[in-house]
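*Asks:* Coordinates only, no sequence provided:
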């Protein structure tokens, strides 16, 4: 959530000061942006929280947690969305004579319509929409009942929703006649997100013009990437039940809750138990055409097993895959570093094997590596943008 708040601050600042002063203000006041476990394209667990509840280990029923979650306007800030869609230009107030614009158009590029699943591994939601509304919760309107009377009784309609159709609210619009929270969620989405005058946060990030960016996250842990919902037959707030969950596993393979293989567009790794890899690794698209890649063990080492690839070609906006070996008994950190593509700026992406989302800020490995990097950065005799990791050995023993 903090990363989203920081992004909003940057966009607000862009409107508050003269454009020619914006970059200067950032250079003067922000030395580095360290994004730890950032859900750049949202988190799929937000859908579970909105439809069936997510307790976070609290001793409360899932239905109660659902009511609580949906009462927070900020919960939707974590909805997953498509990387291929952007909002129209935010500087509308320069062209509308100070009149508030009521709605903003979302523009999607060709890839949204030619690729599968909005760039994600699979469709994020499969849901059985009931034919008889009363099977979901009592008190459905007569109009809703009439709208479904032409469908064969007892045969639910199976619908699938990509990340784009979740982020733009289509999912909630489709179930609005069968769920009392849906209309509230639609209202919140349109008022506080899609039509926010500063930023629609459910659109993909561009690299902020900050001197130093460190994007750090854990990988290769079992992470939820999709849900199958069906009517439970119980009253609200327990009116939906999860019938299946799709996980991304170590190495990016997809697997159902029962252990069956699932076809899709798997990534190169899995996420950090909370945020899928596709969302965490979005900041890799900020790397330039040449990237230095280093892989080191997480534990103290003598430098003999540090692997380096310098000036690896990278197509900006795409994934970059290191051609390096792994010992399955070892946990690694893989560093992707670019200090040349943008003059005066540098971008680093760190992937930490098997580090949980909720524990990463307590990781001694992360704190050690971050201290070493920043210590080098502020050293008066530092000459290189990034120091090779084998030269930081004294701090790793």
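*Replies:* Okay, I see it. On a predicted model such as this, the values are computed, not experimentally measured, just so you know. Residues are numbered from 1 along each chain as shown.
*Asks:* what residue ranges in this structure are flagged as low confidence?
*Replies:* Under the criterion pLDDT under 70, the flagged ranges of the chain are 88-103, 132-154, 382-397.
*Asks:* quick one, strands of it?
*Replies:* Secondary structure of the chain by DSSP state E: the strands cover 32-36, 85-87, 106-108, 125-129, 157-161, 212-219, 223-231, 240-248, 254-256, 290-297, 307-313, 332-338, 346-353.
*Asks:* strand partners of the fourth one, parallel vs antiparallel please.
*Replies:* Spelled out, it's strand 125-129. Strands that pair with strand 125-129, judged by DSSP bridges, come out as strand 157-161 (antiparallel), strand 223-231 (parallel).
*Asks:* How about residue 78: what's its closest non-neighbour residue?
*Replies:* In space, residue 78 comes closest to residue 46 once its chain neighbours are excluded; the distance is 4.3 Å by CB to CB, 6 or more residues apart in numbering. From N, CA and C alone the C-beta is placed, and that goes for glycine too.
*Asks:* surely the one you found meets residue 80?
*Replies:* Yes: in this structure, residue 46 is within contact of residue 80 by CB atoms under 8 Å, at 6.9 Å.
*Asks:* out of those two, which sits in the more crowded spot?
*Replies:* When neighbours are counted by other CB atoms under 10 Å, residue 46 and residue 80 differ, and residue 80 comes out ahead with 27 against 20.
*Asks:* Find the residue closest to that one in space, skipping its chain neighbours.
*Replies:* On the basis of CB to CB, 6+ apart, the spatially nearest residue to residue 80 that is not a chain neighbour turns out to be residue 42, at 3.5 Å.
*Asks:* can you pull out the helices in this protein?
*Replies:* Ranges of helices in the chain, per DSSP state H, are 2-16, 19-29, 45-51, 62-70, 110-114, 142-147, 163-167, 170-174, 182-189, 277-280, 364-378.
*Asks:* So what touches the shortest one?
*Replies:* With contacts defined as CB atoms under 8 Å, 6 or more residues apart in numbering, helix 277-280 is touched by 37-43, 80, 119-121, 217, 219, 223, 225, 248, 252, 267-272.
*Asks:* sorry, back to before: which stretch among the strands paired with strand 125-129 comes nearest residue 25?
*Replies:* Residue 25 lies closest, by CB to CB, to one member of those: strand 223-231, at 36.9 Å.
*Asks:* so the closest one versus strand 240-248, what angle?
*Replies:* Computed by axes from the mean of the first three to the mean of the last three CA atoms, to 10 degrees, the angle separating strand 223-231 from strand 240-248 equals 150 degrees.
*Asks:* Show me how far strand 223-231 is from its chain's centre.
*Replies:* Centre-to-centre, strand 223-231 and its host chain are 17 Å apart (CA atoms, centre = their mean, to the nearest Å).
*Asks:* returning to what we had before: could I get the strands of the chain as a markdown table with mean neighbour count and distance to residue 24?
*Replies:* Below are the strands of the chain laid out as a markdown table (neighbours: other CB atoms under 10 Å; distance: least, CB to CB, whole Å):
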| stretch | mean neighbour count | distance to residue 24 |
| --- | --- | --- |
| strand 32-36 | 18 | 16 |
| strand 85-87 | 18 | 26 |
| strand 106-108 | 15 | 30 |
| strand 125-129 | 21 | 44 |
| strand 157-161 | 15 | 43 |
| strand 212-219 | 24 | 16 |
| strand 223-231 | 23 | 40 |
| strand 240-248 | 20 | 42 |
| strand 254-256 | 17 | 46 |
| strand 290-297 | 20 | 28 |
| strand 307-313 | 13 | 31 |
| strand 332-338 | 22 | 23 |
| strand 346-353 | 23 | 18 |
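*Asks:* Out of these, the one nearest residue 363 is which?
*Replies:* Across the strands of the chain (criterion: CB to CB), the nearest stretch is strand 346-353, sitting at 6.9 Å.
*Asks:* just the buried members of the contacts of helix 277-280?
*Replies:* Buried members of the contacts of helix 277-280, counted by 16 or more other CB atoms under 10 Å: 37-43, 80, 119-121, 217, 219, 223, 225, 248, 252, 267-272.
*Asks:* still on that earlier bit, tell me the contacts of the residue nearest to residue 80?
*Replies:* Residues counted as contacts of residue 42 (CB under 8 Å, 6+ apart) are 78, 79, 80, 81, 163, 167, 202, 279.
*Asks:* can I get these in a markdown table with distance to residue 12?
*Replies:* Converted to a markdown table, the contacts of residue 42 look like this (distance: CB to CB, whole Å):
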| residue | distance to residue 12 |
| --- | --- |
| 78 | 20 |
| 79 | 21 |
| 80 | 24 |
| 81 | 20 |
| 163 | 26 |
| 167 | 21 |
| 202 | 17 |
| 279 | 23 |
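*Asks:* of these, closest to residue 193?
*Replies:* residue 202 (5.6 Å).
*Asks:* Count residues in the vicinity of that closest one, would you?
*Replies:* By other CB under 10 Å, neighbour count at residue 202 equals 28.
*Asks:* same thing with residue 30?
*Replies:* Residue 30: 15 neighbours (other CB under 10 Å).
*Asks:* quick one: contacts for the closest residue to it other than its chain neighbours?
*Replies:* Computed as CB to CB, 6+ apart, the closest residue to residue 30 that is not its neighbour in sequence is residue 210, at 5.4 Å. Counting by CB under 8 Å, 6+ apart, residue 210 touches 26, 30, 32, 33, 345.
*Asks:* The fourth one pairs with what?
*Replies:* Pointing back at residue 33 there. With DSSP bridges as the criterion, residue 33 is bridged to residue 213.
*Asks:* what comes up buried for stretch 185-199?
*Replies:* 185, 186, 188, 189, 190, 193, 194, 196, 199.
*Asks:* Kindly present the residues you listed as a markdown table, with separate columns for distance to residue 55.
*Replies:* A markdown table is the format used below for these (distance: CB to CB, whole Å):
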| residue | distance to residue 55 |
| --- | --- |
| 185 | 19 |
| 186 | 25 |
| 188 | 22 |
| 189 | 24 |
| 190 | 28 |
| 193 | 25 |
| 194 | 29 |
| 196 | 29 |
| 199 | 30 |
